[in-house]
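K.L.:
Sequence and predicted structure below; questions after.
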Amino acid sequence: MLPDQSDILKVVSFKTSRSGGKGGQNVNKVSSKVELIFNIDDAHFFTEEEKLRLKDKLASRLDTEGLLHVVSQEDRSQLLNKQRTVLKLIAILKAGLEVQKVRKASKIPKAVKERRLANKAVNAQKKESRRKPSFD
């Protein structure tokens, strides 16, 4: 089950810094880049099974300490970037908790096999008729 934003805000920490790129003086004087740091182990709203699933699926996104970092620097406003990081985190957690259905192998129908073999026979006959006759 996914937590709401208020629960997430209790267990995450934010780090701000100056954003790079275009923006003129605003970039040079305002720390608008926001980095959200989320520790899966500290999330009391997930069960142990969910924590293991998240660690497994998000292993490539976790650092050496098992922390998940989400960065946003699209907006000029620190508040908007903070909200964006929370929304990004929710999307990442949602994708990480999703359980894929087990694929059931299905049997190829007999009619499909027969149709394929009939098409092969037609193609073989067509190509055979294109050959030059042999006078053996």
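P.N.:
Good, I have the coordinates.
K.L.:
C-alpha only now, for contacts and for neighbours.
P.N.:
OK.
K.L.:
Can you give the distance from the lowest-mean-pLDDT helix or strand in the chain to the centre of its chain?
P.N.:
Lowest on mean pLDDT, DSSP states H and E among the helices and strands of the chain sits helix 25-29, with a mean of 74. Relative to its chain's centre, helix 25-29 lies at 33 Å (CA atoms, centre = their mean, to the nearest Å).
K.L.:
Counting neighbours, which bits of that helix end up buried?
P.N.:
Buried residues in helix 25-29, counted by 16 or more other CA atoms under 10 Å: Val27.
K.L.:
can you list contacts of it?
P.N.:
The contact list for helix 25-29 (CA atoms under 8 Å, 6 or more residues apart in numbering) reads Arg18, Ser19, Gly20, Gly21, Arg76.
K.L.:
and of the residues you listed, the nearest to Leu58?
P.N.:
Using CA to CA, Ser19 comes nearest to Leu58 of the contacts of helix 25-29, at 25.7 Å.
K.L.:
Just give the number of residues close to that closest one.
P.N.:
Neighbouring residues of Ser19 were enumerated by other CA atoms under 10 Å; the total is 22.
K.L.:
what do you get for Ser32?
P.N.:
Ser32 is flanked by 25 other residues according to other CA under 10 Å.
K.L.:
who touches the residue nearest to it when sequence neighbours are not counted in this structure?
P.N.:
Spatial nearest neighbour of Ser32, chain neighbours left out: Gln78 (4.2 Å); criterion: CA to CA, 6 or more residues apart in numbering. By CA under 8 Å, 6+ apart, the contact list for Gln78 reads Ser31, Ser32, Lys33, Val34.
K.L.:
Who wins on neighbours among those?
P.N.:
Neighbour counts for the contacts of Gln78 peak at Val34, which has 27 neighbours (criterion: other CA under 10 Å).
K.L.:
where does this protein have low pLDDT?
P.N.:
Counting by pLDDT under 70, the ranges of the chain that qualify are 1, 21-23.
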